[in-house]
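J.: just the structure for this:
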Amino acid sequence: MKMKKVLSLVLAMTLIVSTWISVNAAETTIQVTIDGEVVVFTDAQPFIDSNNRTLVPLRAIGEAMGLVVEWDAELKTAAFMRVYDPSLETAPYDADEDGNVDAYLLSEVLAFEINNSQAFFGAHWMGIEEEVAEEVAEEAAEEAATEEVAEEAATEEEAAEEEAEEVAEEEAGAEHYAVVEYAIAMDTEAVILNARTYAPVRYLAEAFNYDVSWNQETQTVELTTMKNPEEANMYVVTTFEEAVQSWLIVGDDETTATSVEILSGKVNGVELEKTLISEEEFENIEAELEANGLLAKMLTGFEADNNLLDLPSYRLSLKIKAMIDDAYEIFEWEYYGVEQK
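T.: Predicted coordinates:
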């Protein structure tokens, strides 16, 4: 009898707490801004889950970030994709290191599966030959569309597609792509609530090069696009010696950067185990750079034991904080080591 009373009390307290949480969540409005602009959520609002993470309606935040949003009902997976224009020649990839570019970055995708504490990231390159094959297919399809007889048009379009496939196979073989794929461990999950799908905004934003901060006073998640260090005349120099790698942040004569600090260094979403380079070693490196004709001043740097050369593919990112003209700014340097498929 006593046990039944205890269970009844626990149940009653649970209902009271649940009601309080629901009311409190309804009264608290969580805002999200991207580069100072407030994201408008219409039929569903962001909320803070039990893991103290902000979850946001996926479509509104994705579109505000300029991403393509896809929902797979069967797999219960939300995918956010950034698509690059091949003509911009983003992140060139030289597969055989012969000095000729073989591919460019085409897309980056982050996928959240409902009730899964892992997210999945993938970056995909388009081969030069593949781009040519697609152009051939498009031209052939346009010619087919101008034919008077619909059957002939369909036949020619079919032939165009076959021709495009043959071009792709002959000129580039079956290996058009280079990819980077990895899982990201999270301390929360994407969920479905009241028939709406929510994704954790921090993991989404960081995957697409945003700095994330929380403004307690205004209850706002602030997303800020991180700049390229080169905009402040800062450059990253990497050295590889067996299992130890060094990353050096250097500046040219025009940089005004001071108080430079590396906030994080991640490989495939996992923080590197870093050791800051000593001042004595700084001097030695500066002397070596000068001896090699590189007039640059050392700003900061670190070493890591992670052997990136052992990884088939990887995405390396450094988050850098620096004082620029009496104001702190956040920068991100990113590099892909890719595996050709």
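J.: what residue lies at the spatial centre of the chain?
T.: A207 (2.7 Å; C-alpha atoms, centre = their mean).
J.: once you drop chain neighbours, what's closest to that one?
T.: L110 (4.5 Å; C-beta to C-beta, 6 or more residues apart in numbering). In this view, the C-beta of every residue, glycine as well, is placed from N, C-alpha and C.
J.: spit out the contact partners of that neighbour.
T.: 79-80, 119-121, 184, 203-204, 207-208 (C-beta atoms under 8 Å, 6 or more residues apart in numbering).
J.: for S246, see how far away it is.
T.: Distance of L110 to S246, computed by C-beta to C-beta, to the nearest Å: 29 Å.
J.: what do you get for V201?
T.: 34 Å.
J.: which of those two has more neighbours?
T.: Neighbour totals were compared for V201 and S246, and V201 leads with 23 against 17 (other C-beta atoms under 10 Å).
J.: residues contacting the more buried one?
T.: 32, 46, 53-56, 61, 212, 221, 223.
J.: out of these, list just those in helices.
T.: Mapping those onto helices (DSSP state H) picks out I61.
J.: from the contacts of V201, pick the one nearest L75.
T.: L75 lies nearest to L55 out of the contacts of V201, by C-beta to C-beta, at 19.2 Å.
J.: so the residue nearest to the closest one when sequence neighbours are not counted is in which element?
T.: Nearest non-adjacent residue to L55, counting by C-beta to C-beta, 6+ apart: Y198, 3.9 Å away. Take DSSP states H and E as the rule and Y198 turns out to sit in strand 196-200.
J.: what pairs with that strand, parallel or antiparallel?
T.: strand 54-57 (antiparallel), strand 191-193 (antiparallel) (DSSP bridges).
J.: helix, strand, or coil at L263?
T.: Here L263 takes the strand state, with states given by DSSP: H, G, I helix; E, B strand; the rest coil.
J.: can you get me a residue count around the closest residue to it other than its chain neighbours?
T.: Nearest residue to L263 in three dimensions, chain neighbours excluded: K319, at 4.4 Å (C-beta to C-beta, 6+ apart). K319: 19 surrounding residues under other C-beta under 10 Å.
J.: would you mind measuring from the residue lying closest to A60 once chain neighbours are set aside to F47?
T.: Excluding its sequence neighbours, the residue lying closest to A60 (C-beta to C-beta, 6+ apart) is F41, at 5.0 Å. Distance, F41 to F47, by C-beta to C-beta: 11 Å.
J.: ranges for the helices of the stretch 201-341 of the chain?
T.: Secondary structure of the stretch 201-341 of the chain (DSSP state H, counting those that start in this stretch): helices located at 201-207, 279-291.
J.: show the model's pLDDT score for I48.
T.: Model confidence at I48, given as pLDDT, is 91.
J.: quick one on the thing from earlier: from L223, how far off is the residue nearest to L55?
T.: In terms of C-beta to C-beta, Y198 sits 16 Å off from L223.
J.: quick one: mean pLDDT for stretch 287-302?
T.: Rounded mean pLDDT across stretch 287-302 is 77.
J.: oh sorry, the question was meant for stretch 110-130
T.: 88.
J.: that older thread, looking at the helices of the stretch 201-341 of the chain, spot the one closest to I330.
T.: helix 201-207 (11.8 Å).
J.: so who does V270 touch?
T.: A185.
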